[in-house]
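> what follows is a predicted structure for the sequence shown.
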Amino acid sequence: CASKPGTKIDINLSSSILRDNRNNPVGQVFVALDLTGIRRAETALRESEILLQDILDNSLTVICLKDMKGRYLLVNRRFETLFHVDREEIVGKTDYDIFQKEEADSFTENDRKVLDNGLPVQLEEAVAHDDGIHTYISTKFLIRDSEDRAYGICSVSMDITMRKLAETSMYENEEKFRSVAQTANDSIILADETGRILFWNKGAEKMFGYSEEEALGKPMTLIMPSRYVESHQARLERLQKTGRSNLTGRTIELHGMNKSGKEFPVELSLSTWMTAKGRFFSGVVRDITERQRAQQKLMEKTVELARSNAEKEHLELFTYVASHDLKEPLQKITGFGDLLKITGGEHLDEKSRDYLNRMQLAAWRMGQLIDDLLRFSRISTAEATLEPVSLDKILKEVLSDIEIRIQEAKAVIEADELPVIQAD
């Protein structure tokens, strides 16, 4: 049918027979309904459905629509891909036709929560994929018609498996950190950019005397001598403005203050990091009281050693001079003894010659003792050279030196055979 020349329209044509009072046909009535608006509405509806399906199919979330009895009405492409189903084939099926019974039971129970209270719910759901179990955060809500009657349940699910793994890893790392930090002897303290304490380990409790409950949320000035407070506040303000601190990445020595107000020397290593929640600090504090005491003792020992070395140098000089002065008369004794042997030795009787020999031997031994004394004074400056030394020979020399005393005391010296040792 055409409404205007050259314009075609779709109509719905119906007719009926006109009859007179004797029921004889006398004419025919035609009623034409213009379908143009209906066709346009149908076309718009189809285009809208295609557009909606395109939107659903290009979404990375899993979307499905079920009727009130849990039968599938619609799924998107993501659903098809993940669970290896075809949208035409899934229509009319339930979760029990697609998933394992445990999974289907869980999905059905979650759908029931929406049906029971009529309100949207958001919850986590787990489902098996080809590569293992994935976790989804699902939003479920009722679908209503134009008269506000519920006719279906829509589910929009986002895969949060990686986020859950990251959260689990973060939790495990945090537990590892806490385990290590709580067993450390040093104080480990975490604080936010305002200087408020967020973490306080056992080492900090022991070092500063504050329990974890007493320290958390308190400012770092809690453990600082008052003379540090002003500069600490200035550093925090500069950090908040510039994002830089001249203390991070360094180890410095300063003083801490415990709960009783007593100050003690500490070593502080400070670091900082940024997150979406802001800037944070971590400090490792070590009590260096004992170390400083040891350093002080070492310094005192060094001074004492220097003084001892100076005294030893004086002793060495004295020994050298003394040995020189003592050797001179010994050399004369030895020289005159040799001269006496040469000029008058034949006139001496055997006993006199024996006395002369003993006198010269004693003078020689005295010279050896003086040389030994000089070497002993240099023992700390000269490297020791070990060589075999016969203890029997040493004993004989000593007995020879004190022979007169032995005779005077009428002593008897007895000795077994002595070994040869390594000595300087």
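That came through, no problem. Numbers count the residues shown, from 1 in each chain.

> could you pull out the strands for the stretch 251-400 of the chain?
Shown for the stretch 251-400 of the chain, the strands assigned by DSSP state E, counting those that start in this stretch span residues 251-257, 263-275, 278-287, 387-390.

> of all those strands, which one is nearest Met170?
Met170 lies closest to strand 263-275 among the strands of the stretch 251-400 of the chain, at 11.1 Å (Cβ to Cβ). Using the backbone N, CA and C atoms, a C-beta is placed for each residue, glycine as well.

> pull up the pairing partners for the closest one, direction included.
Sheet pairing of strand 263-275 (DSSP bridges) gives strand 251-257 (antiparallel), strand 278-287 (antiparallel).

> what's the most buried one of the ones you listed?
strand 278-287 (a mean of 18; mean count of other Cβ atoms under 10 Å).

> export that one to CSV, keeping only CA atoms.
Extracted as CSV, the C-alpha positions of strand 278-287 are listed here (Å, rounded to 0.1, in the frame of the first residue of the first chain):
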residue,chain,number,x,y,z
GLY,A,278,51.6,8.0,51.3
ARG,A,279,55.2,8.0,52.5
PHE,A,280,56.5,5.7,55.2
PHE,A,281,59.7,5.3,57.2
SER,A,282,61.6,2.4,58.6
GLY,A,283,64.3,2.7,61.2
VAL,A,284,66.7,0.1,62.5
VAL,A,285,68.1,1.3,65.9
ARG,A,286,71.0,-0.4,67.6
ASP,A,287,72.2,0.3,71.1
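
> neighbouring contacts of that strand?
Outside strand 278-287, the residues within contact range by Cβ atoms under 8 Å, 6 or more residues apart in numbering are 186-193, 198, 204, 207, 239, 243, 248, 256, 264-274.

> what pLDDT, on average, does stretch 55-65 get?
The predicted model gives stretch 55-65 an average pLDDT of 86.

> got the contact list for it?
72-79, 82, 136, 143, 152-159.

> could you rerun that using 6 Å?
With contact meaning Cβ atoms under 6 Å, 6 or more residues apart in numbering, stretch 55-65 is reached by 73-79, 152, 154-158.

> give me the buried subset of the residues you listed.
73-79, 152, 154-157 (16 or more other Cβ atoms under 10 Å).

> among those residues, which lie within strands?
73-75, 152, 154-157 (DSSP state E).

> of all residues in the chain, which one is nearest the centre?
Using Cα atoms, centre = their mean, the residue of the chain that lies closest to the mean C-alpha position is Phe177, 6.5 Å off.

> quick revisit: redo the strands of the stretch 251-400 of the chain as a markdown table? Include mean pLDDT and distance to Tyr355.
A markdown table is the format used below for the strands of the stretch 251-400 of the chain (pLDDT from 0 to 100; distance: least, Cβ to Cβ, whole Å):
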| stretch | mean pLDDT | distance to Tyr355 |
| --- | --- | --- |
| strand 251-257 | 90 | 75 |
| strand 263-275 | 87 | 74 |
| strand 278-287 | 88 | 75 |
| strand 387-390 | 86 | 28 |
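
> wait, which of those strands is closest to Asp10?
The nearest among the strands of the stretch 251-400 of the chain, by Cβ to Cβ, is strand 263-275 at 64.5 Å.

> how about the strands in the stretch 1-150 of the chain?
2-4, 7-8, 11-19, 25-34, 62-67, 72-75, 121-129, 132-144, 150-159.

> make TSV out of those strands and add distance to Glu346.
As requested, those are exported to TSV (distance: least, Cβ to Cβ, whole Å):
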stretch	distance to Glu346
strand 2-4	176
strand 7-8	172
strand 11-19	174
strand 25-34	173
strand 62-67	133
strand 72-75	140
strand 121-129	125
strand 132-144	119
strand 150-159	125
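
> closest to Val420 out of those?
Here strand 132-144 is closest among the strands of the stretch 1-150 of the chain (Cβ to Cβ), at 80.6 Å.

> so how far does stretch 179-187 reach from one end to the other?
In stretch 179-187, first residue to last residue: 14 Å (Cα to Cα, to the nearest Å).

> sorry, back to before: nearest to Ile288, out of the strands of the stretch 1-150 of the chain?
strand 132-144 (48.9 Å).

> got the angle between that closest one and strand 150-159?
Angle, strand 132-144 to strand 150-159, by axes from the mean of the first three to the mean of the last three Cα atoms, to 10 degrees: 150 degrees.

> sorry, back to before: nearest to Val389, of the strands of the stretch 1-150 of the chain?
That would be strand 132-144 among the strands of the stretch 1-150 of the chain, by Cβ to Cβ, at 81.1 Å.

> TSV please, covering the strands of the stretch 251-400 of the chain and showing distance to Thr221.
TSV is the format used below for those (distance: least, Cβ to Cβ, whole Å):
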stretch	distance to Thr221
strand 251-257	10
strand 263-275	14
strand 278-287	13
strand 387-390	69
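
> Asp371: which of those is closest?
Judging the strands of the stretch 251-400 of the chain by Cβ to Cβ, what sits closest to Asp371 is strand 387-390, at 15.3 Å.

> give me the helices and strands touching the closest one, please.
Where contact means 3 or more Cβ pairs under 6 Å, 6 or more residues apart in numbering; DSSP states H and E, strand 387-390 is packed against strand 420-423.

> how about the helices in this structure?
Here the chain has its helices, by DSSP state H, at 36-57, 77-83, 87-90, 101-117, 161-183, 202-208, 212-215, 226-242, 289-344, 350-377, 391-401, 403-409.

> just those helices: most buried one?
By mean count of other Cβ under 10 Å, the helices of the chain have helix 202-208 as the most buried, with a mean of 19.

> work out the gap between it and the centre of the chain.
The chain centre lies 19 Å from the centre of helix 202-208; the measure is Cα atoms, centre = their mean, to the nearest Å.
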